[in-house]
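**Student:** One predicted model, sequence on top.
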Amino acid sequence: MSNFEEHLIAKIHPEVSPLWAVADSDGLFRNDEVDRLLAQRGAEVIVYDDPMAFRFRYEHQIRPRLESGDPGCHVIVIDPGTDGLRCLPADIYSASRHIEVALGDVFPNLSRKVLRELEPAVLSTLWDKKQQFPSTVLGDRDTADLVLRIAYRIETTFLTSFQDLVQVLVILHFEGKRLPESLAARLEQAAGPLYANPSGLHDLIRNPGVFWQFMQSRWEGWITPRPNNQVEELATADFTFEDQRLRVWVNNLFLEGFMVPVPANGANLPQAWCKVGVASGEREIETSELVNQRQKLITEMPQQDAGYQDWLRFAMRYSMHVATTFSRDITGEEAGAFWNDFWEPVDVRFSEFIHSRLESLCNLPPSRPVLAHHVAQFLARRVKAGKKVALLVLDGLSLAQWKILRREIELTAPDLCFSDDACFTMIPSVTNVGRQTLHAGELPVFFESTIDRTDLDAKRWKTFWDGACSRPMRSAHLNVEGSESDLAAAMDVIESGATAVAITVRMPDDIVHGATIGWRGITEQLKIWSRQQFLIKTIQTILESGYELHLTSDHGNLEARGEGSLSQGVLVDRSGQRVRIYRDATIFAHSAAQLVGRTQTLHTNMLPPDYLPLLHTGRGAFVPVGQTIVCHGGTSLDEMVIPFIEISRTKTS
């Protein structure tokens, strides 16, 4: 339990009033831990940012509870601007108790400009370490140095060589952390004199893809020296892999896919430990190595009280292991060990997190997407910063399958840089919910009448962008299969001159639902598809047209086994292989009672009140016993965590 979040909510008492209004100009209440702690008190947080969406929710959910005397409590959070809380509707203003929170009250001696960019977890860390703050008032630079030291373990005064900076960036990017702009700018300023190419520091610090590409090129230059260059000269030009601080990371960098081994032909091995970064032909990873990876991952699995950042970072390592495991000829015994000894404990722990914490993530600011509805909101921030944006939605692609696609793309287009990240999709993890959420930039509760449809991506995308910015702007959307015959249509959309472009590609989902031999078969089909022209050409054209490009998915997938099909006819509104949707609460409750132990229910304000999903537990599916299929709809990590990838052509020499 965080002392910081407890301090923020100390004045809110549900027993005093069922309705509270919080003036929160710094976004302190847009914090998943605040949501969780208030939920324990019986209170629910609602962010007042869109008056129409708020009024819809107030009239359909909040007012009926207040009028019925429901013991629940609602906390309305609003950025008051210059009008204060009087910008609330009059009926809500008069019915609520009012409080105000601000960074100046919490951290009076630190720069508000710097603190406003920080994630809630970083602010919580600062609060816990506030005894380390100086007693004097700090400006922007000193506040940035303080935050870097306390929250990121980066001491700018200790950066005396480029080797020091490389060590800092290896840890930062390996752990999947992104520095807010004020901190990134301060680190760049401190490190500027240390590197022969100071202009290249900008992307090395901010863009993980560029940094790992830089490290890859330096490794290749060291292990496979260029003509007339000595290994020692290349190793010490700016930094050396021989540095003990860096050596301890090298093994993990290759095992977890941040760097790729170079071909053995022409390679030089300065030390025996370097062989981890040298590939002997098409050497397939040994079973013992996979077992060791699994054992290490199990020990690193987030604990029951872990936050969303812990699970997203774990998902990146987990997905690399899945991609490696199912990209090779896997025996039945090896597959059994994966599913029983490794996947099952991960799924149990992750499902507990999803059911207890997913809803608390809704109100987080979209500085980086955490839930699917944050994606469009994040892109809108980039447009307001003067950028053109493009979103490539690969329907049904899991995070592990992205790792496979990425390897193939890199072979064809080595100049591309990939900054890998991830976020959570909606529950249930199905196409009609996930895709509309991505394109609408809002929760499914707000598109109740069309929640079952998959043909509204373009309408949702246009509606979002029509209201996203203060000035009129053009948007464009395309939904295609993803075959080479679709290239002309994709080129037309990209070259249309729109500020925000989205392309939905159905091919991965078609491959998933056509799979007959599980994940292993999908791996091979994705490789074949990626070697065709559509994906590569679309990516290249988007970048050449000046867009910032992000790639994502609407849901992942799971290799499931049949535990018996159900025949309920019209009693079930939508029958899926991993989830069944009911509209009638009585039928839903009866079905859940019949299938107790085999299914789990979900009650959430993210979904319309009459959209009632019954989710299959474990690795099971509603298909004949013994049948193996690849499907989605449940709460496993493979279904719920989706890629969010920034693709660029930036290269740093």
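**Tutor:** It's in. Numbering: from 1, shown residues only.
**Student:** continuing past the helix or strand of the chain with the lowest mean pLDDT, what's the next helix or strand?
**Tutor:** Lowest by mean pLDDT, DSSP states H and E among the helices and strands of the chain is helix 231-236, with a mean of 40. Going down the chain from helix 231-236, the next helix or strand is helix 244-255, by DSSP states H and E.
**Student:** Other residues contacting that following helix?
**Tutor:** The contact list for helix 244-255 (CB atoms under 8 Å, 6 or more residues apart in numbering) reads 163, 166-167, 170-171, 174, 215, 239-241, 258-261, 273-274, 276-277, 289, 293. Any C-beta I mention is one placed from the backbone N, CA and C, and that applies to glycine too.
**Student:** from the middle of its chain, how far away would that helix be?
**Tutor:** Distance of helix 244-255 from its chain centroid, counting by CA atoms, centre = their mean, to the nearest Å, is 25 Å.
**Student:** buried stuff in it?
**Tutor:** Within helix 244-255, the residues that qualify as buried are 246, 250, 252-255, counting by 16 or more other CB atoms under 10 Å.
**Student:** Distance to residue 583 added to those, as a markdown table?
**Tutor:** Converted to a markdown table, the buried residues of helix 244-255 look like this (distance: CB to CB, whole Å):
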| residue | distance to residue 583 |
| --- | --- |
| 246 | 58 |
| 250 | 55 |
| 252 | 49 |
| 253 | 50 |
| 254 | 51 |
| 255 | 48 |
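**Student:** which of those lies closest to residue 42?
**Tutor:** Lowest distance from residue 42 to those (CB to CB) belongs to residue 252, with 44.0 Å.
**Student:** hey, C-alpha coordinates of stretch 438-454 in PDB?
**Tutor:** Only the C-alpha atoms of stretch 438-454 are listed here, as PDB (Å, rounded to 0.1, in the frame of the first residue of the first chain):
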ATOM      1  CA  LEU A 438      -8.800   1.100 -30.500                       C
ATOM      2  CA  HIS A 439     -10.400   3.200 -33.200                       C
ATOM      3  CA  ALA A 440     -12.900   5.000 -31.000                       C
ATOM      4  CA  GLY A 441     -10.500   6.000 -28.300                       C
ATOM      5  CA  GLU A 442     -13.100   5.200 -25.600                       C
ATOM      6  CA  LEU A 443     -14.400   2.400 -23.500                       C
ATOM      7  CA  PRO A 444     -16.900  -0.100 -24.900                       C
ATOM      8  CA  VAL A 445     -19.600   1.200 -22.500                       C
ATOM      9  CA  PHE A 446     -19.900   4.100 -24.800                       C
ATOM     10  CA  PHE A 447     -20.700   2.100 -27.900                       C
ATOM     11  CA  GLU A 448     -23.300  -0.200 -26.500                       C
ATOM     12  CA  SER A 449     -25.600  -0.300 -29.600                       C
ATOM     13  CA  THR A 450     -22.800  -1.400 -31.900                       C
ATOM     14  CA  ILE A 451     -20.600  -3.500 -29.600                       C
ATOM     15  CA  ASP A 452     -21.200  -6.700 -31.600                       C
ATOM     16  CA  ARG A 453     -20.100  -5.200 -34.900                       C
ATOM     17  CA  THR A 454     -16.800  -5.400 -36.700                       C
END
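**Student:** now it: mean pLDDT?
**Tutor:** Averaging pLDDT along stretch 438-454 gives 93.
**Student:** again, but for stretch 268-287
**Tutor:** The pLDDT scores in stretch 268-287 average 74.
**Student:** i'd like the first residue to be 556 from this point on
**Tutor:** With 556 as the first residue, the last one maps to stretch 823-842.
**Student:** picking up where we left off before, so how do I select the buried members of the contacts of helix 799-810 in ChimeraX?
**Tutor:** Of the contacts of helix 799-810, the buried ones go into a single ChimeraX selection, burial set by 16+ other CB under 10 Å:
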select :718,721,722,725,729,770,794,795,796,813,814,816,829,832,848
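**Student:** ok, residue 767 - contacts?
**Tutor:** 728, 813-814.
**Student:** sorry, that was for residue 861
**Tutor:** residue 908.
**Student:** Checking it next. Helix, strand or coil?
**Tutor:** Secondary structure state of residue 861, per DSSP: H, G, I helix; E, B strand; the rest coil, is coil.
**Student:** For residue 912, see how far away it is.
**Tutor:** According to CB to CB, to the nearest Å, residue 861 and residue 912 sit 9 Å apart.
**Student:** just for the chain, where's the confidence low?
**Tutor:** The chain contains residues with pLDDT under 70 at 556-557, 751, 753-754, 780-792, 821, 835-839, 1123-1130, 1205-1208.
**Student:** Centroid-nearest residue for it?
**Tutor:** In the chain, the centroid-proximal residue (CA atoms, centre = their mean) is residue 978; its distance is 2.0 Å.
**Student:** Look up phi and psi at the nearest residue to that one once chain neighbours are set aside.
**Tutor:** Spatially, and ignoring its direct neighbours in sequence, residue 978 is nearest to residue 924 (4.4 Å; CB to CB, 6 or more residues apart in numbering). Dihedral angles of residue 924 (phi, psi; degrees, to the nearest 10) stand at phi -60, psi 130.
**Student:** need the strands for the stretch 1056-1205 of the chain, in chain order.
**Tutor:** Ranges of strands in the stretch 1056-1205 of the chain, per DSSP state E, counting those that start in this stretch, are 1102-1107, 1113-1117, 1129-1130, 1134-1137, 1154-1156, 1167-1171, 1175-1176, 1183-1186, 1196-1203.
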